[in-house]
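J.: sequence plus the predicted model coming up.
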Amino acid sequence: FNINNIHEHQVSFMKEFEEQCGIAFLLIYFKKRDVYYYLTFERLMEFWERSAQGGKKSFRYDELDLSYEIPVQNSFCIHYLEVLKKDLERRENT
């Protein structure tokens, strides 16, 4: 996934939203794998900062925590609430 698909103003908005106790995240579709993925803001920032420091400008599917993959039950509904709940529980425990 190319980091250039995300713009600086979007990251700034998400950061401010998180600072106000909001929950920011991205839903990403990997077309070749036919998989939806919930990317936490925290993980996004790791990739964003790596890119800003001259590192890779993208991240690979195998760099992700696959427990945040979103199960698809039909072709038009993305059931992300379970992985959102997982993110909320992780935040409470850290």
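T.: Noted; the coordinates are in hand. Numbers count the residues shown, from 1 in each chain.
J.: tell me where the protein has helices.
T.: 8-19, 41-52, 81-92 (DSSP state H).
J.: now do the residue nearest the centre of the chain, the pLDDT please.
T.: Centroid-nearest residue in the chain, with Cα atoms, centre = their mean: residue 39, separated by 1.5 Å. For residue 39, the pLDDT comes out at 98.
J.: not counting its neighbours along the chain, what's nearest it?
T.: Excluding the flanking residues, the one nearest residue 39 by Cβ to Cβ, 6 or more residues apart in numbering is residue 26, at 4.3 Å. For every residue, glycine as well, the C-beta is placed using N, CA and C.
J.: next, the contact list for the one you found, please.
T.: Applying Cβ atoms under 8 Å, 6 or more residues apart in numbering to residue 26 gives the contacts 6, 38-39, 44.
J.: now swap in residue 33 and tell me
T.: When contacts are counted by Cβ under 8 Å, 6+ apart, residue 33 touches residue 61.
J.: return the distance of residue 1 relative to residue 27.
T.: Residue 1 sits 12 Å away from residue 27, going by Cβ to Cβ, to the nearest Å.
J.: these two: who's more crowded?
T.: Using other Cβ atoms under 10 Å as the criterion, residue 1 and residue 27 rank with residue 1 on top: 18 against 13.
J.: I figured that one hits residue 28, correct?
T.: Yes - here residue 1 reaches residue 28: they are 6.0 Å apart, a contact under Cβ atoms under 8 Å.
J.: what about residue 25, how many residues nearby?
T.: Residue 25 has 19 neighbours, counted by other Cβ under 10 Å.
J.: and the pLDDT at it?
T.: So residue 25 comes in at 98 (pLDDT).
J.: same check on the one 4 residues further on?
T.: Predicted confidence (pLDDT) at residue 29: the value is 93.
J.: any chance of a markdown table for the helices of the chain, columns distance to residue 73 and mean neighbour count?
T.: Converted to a markdown table, those look like this (distance: least, Cβ to Cβ, whole Å; neighbours: other Cβ atoms under 10 Å):
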| stretch | distance to residue 73 | mean neighbour count |
| --- | --- | --- |
| helix 8-19 | 27 | 13 |
| helix 41-52 | 24 | 16 |
| helix 81-92 | 11 | 13 |
